[in-house]
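**Student:** structure for this input, please:
(one chain, ligands or ions: 2)
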Amino acid sequence: MKTPVRVAVTGAAGQIGYSLLFRIASGEMLGKDQPVILQLLELPMEKAQAALKGVIMELEDCAFPLLAGVVGTDDPEVAFKDADIALLVGARPRGPGMERKDLLLENAKIFTAQGAALNKVASRDVKVLVVGNPANTNAYIAMKSAPDLPAKNFTAMLRLDHNRALSQLAEKAGVPVGDIEGLVVWGNHSPTMYPDYRFATAGGRKLKELVNDETWNRETFIPKVGKRGAAIIEARGLSSAASAANAAIDHIRDWVLGSNGKWVTMGVPSDGSYGIPEGVIYGVPVITQDGEYTVVKDVEIDEYSRQMMDRTLAELEEERSGVAHLLG
Ligand code: NAD
Ligand code: LMR
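**Tutor:** Ligands and ions are numbered 1, 2, ... in the order given. I've put the predicted structure just below:
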């Protein structure tokens, strides 16, 4: 039997948590031979803690053979203690009358504290995935608040955007979704993101030849992927949860177990490539192997792509400057 992996999940009693925890405990994220210990964080409020207790009771009732332990807490230092993986899902949602700037600042407080707690108690190799919005900037704040951990361990979720783009393309091209390779969603997890299939293939054929329609790309595909989150909220009255949890599982599974040579999109701290300033957490194509990701470096950037990549970068820079005073 392998040593259990400690997986911390924040916002564990929320919607995404409810779709996520049972799949992690059943081995869908780390493998069917990998025991896990879930370390679950929720707000201290009575209602949140009661809901967390209920979720833990349900986890127990599943009798998952791979679930080697569950901890429920309102203390980040307990939740992140020796964590090998940290899924930062809990975040302050936008309330009525709240400006985007206020949302950023409220979340900055959360992710400063959680970054500091990770810095203090998590495994030095902890793999951090930020799901809670604004995900890229929250990941940046957590990274900056954890100076003793490698910056590369902090990532933001663009995998849902990547998966959304895959589905749209598969439908348009009439190809199986699993055949598509070489797709990336550049930039911020926000409507400014740039889904880019210029180099994608399906079964060895170029998607750009299968879908030879630049008007569709610019006027339908790109805005549809970018606004999909809002469309789900409009339809469901709640933001995406099962698909977000699924994307989080895809992100961590590939990071830990490898993407088998395929490109996947991860929001990672820039190393300066593609003209993205160092440290900005930006969606890029990566290939993962042996628990590490490597940014795909040689993607050609044409004029339209440069424009789209700069647009989403400008938004990230604006978010970053909005929280700079909190980061010292
Ligand atoms: P939710 O409101 O159902 O659940 C969030 C949970 O987090 C709540 O139970 C809340 O009590 C808890 N929480 C809030 N602040 C916390 C803190 N400081 N510490 C611990 N727990 C805390 O929301 P949800 O639908 O699960 O979504 C969670 C977040 O994920 C939101 O920010 C949402 O916008 C975001 N999201 C991101 C993506 C993406 O692709 N990156 C996709 C979907 C949703
Ligand atoms: C999504 O992409 O589904 C979410 O990020 C939307 C949201 O605002 O929660």
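
**Student:** tell me the phi and psi of residue 180?
**Tutor:** Per-residue torsions, residue 180: phi -80, psi 130 (degrees, to the nearest 10).

**Student:** what is the neighbour count of the closest residue to ligand 1 within the chain?
**Tutor:** Distances between the chain and ligand 1 by CB to the nearest ligand atom are smallest at residue 14, namely 1.9 Å. The way it works is simple: take the backbone N, C-alpha and C, and place the C-beta from them, glycine included. Counted with other CB atoms under 10 Å, the neighbours of residue 14 add up to 23.

**Student:** ok, it - contacts?
**Tutor:** 89, 90 (CB atoms under 8 Å, 6 or more residues apart in numbering).

**Student:** now do 10 Å
**Tutor:** 20, 42-43, 48, 51-52, 55, 89-91, 93, 132, 241 (CB atoms under 10 Å, 6 or more residues apart in numbering).

**Student:** pLDDT added to those residues, as a markdown table?
**Tutor:** Shown next, in a markdown table, are these (pLDDT from 0 to 100):
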| residue | pLDDT |
| --- | --- |
| 20 | 98 |
| 42 | 98 |
| 43 | 98 |
| 48 | 98 |
| 51 | 98 |
| 52 | 98 |
| 55 | 98 |
| 89 | 98 |
| 90 | 98 |
| 91 | 96 |
| 93 | 81 |
| 132 | 97 |
| 241 | 97 |
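
**Student:** tell me the one of those residues nearest residue 83?
**Tutor:** The nearest member of these to residue 83, counting by CB to CB, is residue 89 at 13.7 Å.

**Student:** distance of the closest residue to the closest one other than its chain neighbours from ligand 2?
**Tutor:** In space, and not counting its chain neighbours, residue 89 is closest to residue 11: 4.0 Å by CB to CB, 6 or more residues apart in numbering. Using CB to the nearest ligand atom, to the nearest Å, residue 11 is found at 12 Å from ligand 2.

**Student:** surely residue 11 and residue 55 touch.
**Tutor:** No - using CB atoms under 10 Å, residue 11 makes no contact with residue 55, being 11.1 Å away.

**Student:** joint contacts of the two?
**Tutor:** Joint contacts of residue 11 and residue 55 (CB under 10 Å, 6+ apart) are 17, 40, 42.

**Student:** who in the stretch 51-200 of the chain is up against ligand 1?
**Tutor:** 89-93, 110, 131-133, 135, 157, 160, 189 (CB under 6 Å from any ligand atom).

**Student:** what subset of those residues is buried?
**Tutor:** With burial judged by 16 or more other CB atoms under 10 Å, the buried subset of those is 89, 90, 91, 92, 110, 131, 132, 133, 135, 157, 160, 189.

**Student:** and the strands in the stretch 151-300 of the chain?
**Tutor:** 154-156, 180-181, 184-186, 194-196, 201-202, 205-206, 264-269, 281-289, 292-295 (DSSP state E, counting those that start in this stretch).

**Student:** JSON lines for those, including mean neighbour count, distance to ligand 2 and mean pLDDT?
**Tutor:** What follows is the strands of the stretch 151-300 of the chain, written out as JSON lines (neighbours: other CB atoms under 10 Å; distance: least, CB to the nearest ligand atom, whole Å; pLDDT from 0 to 100):
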{"stretch": "strand 154-156", "mean neighbour count": "29", "distance to ligand 2": "11", "mean pLDDT": "98"}
{"stretch": "strand 180-181", "mean neighbour count": "20", "distance to ligand 2": "20", "mean pLDDT": "98"}
{"stretch": "strand 184-186", "mean neighbour count": "28", "distance to ligand 2": "11", "mean pLDDT": "98"}
{"stretch": "strand 194-196", "mean neighbour count": "26", "distance to ligand 2": "13", "mean pLDDT": "98"}
{"stretch": "strand 201-202", "mean neighbour count": "21", "distance to ligand 2": "24", "mean pLDDT": "98"}
{"stretch": "strand 205-206", "mean neighbour count": "14", "distance to ligand 2": "28", "mean pLDDT": "97"}
{"stretch": "strand 264-269", "mean neighbour count": "26", "distance to ligand 2": "12", "mean pLDDT": "98"}
{"stretch": "strand 281-289", "mean neighbour count": "24", "distance to ligand 2": "13", "mean pLDDT": "98"}
{"stretch": "strand 292-295", "mean neighbour count": "15", "distance to ligand 2": "21", "mean pLDDT": "98"}
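
**Student:** out of the residues of the stretch 51-200 of the chain next to ligand 1, which two sit at the greatest distance?
**Tutor:** 110 and 160 (20.5 Å).

**Student:** follow-up on the earlier one: ok, the buried ones among the residues of the stretch 51-200 of the chain next to ligand 1 vs residue 64, which is closest?
**Tutor:** Residue 64 lies nearest to residue 89 out of these, by CB to CB, at 19.6 Å.

**Student:** dump the residue contacts of the closest one.
**Tutor:** 9-12, 14-17, 20, 41, 129-132, 135, 157, 241, 244-245, 248.

**Student:** same check on residue 85?
**Tutor:** By CB under 10 Å, 6+ apart, residue 85 lies in contact with 5-9, 24, 29-30, 36, 39, 122-123, 125-129, 252, 255-256.
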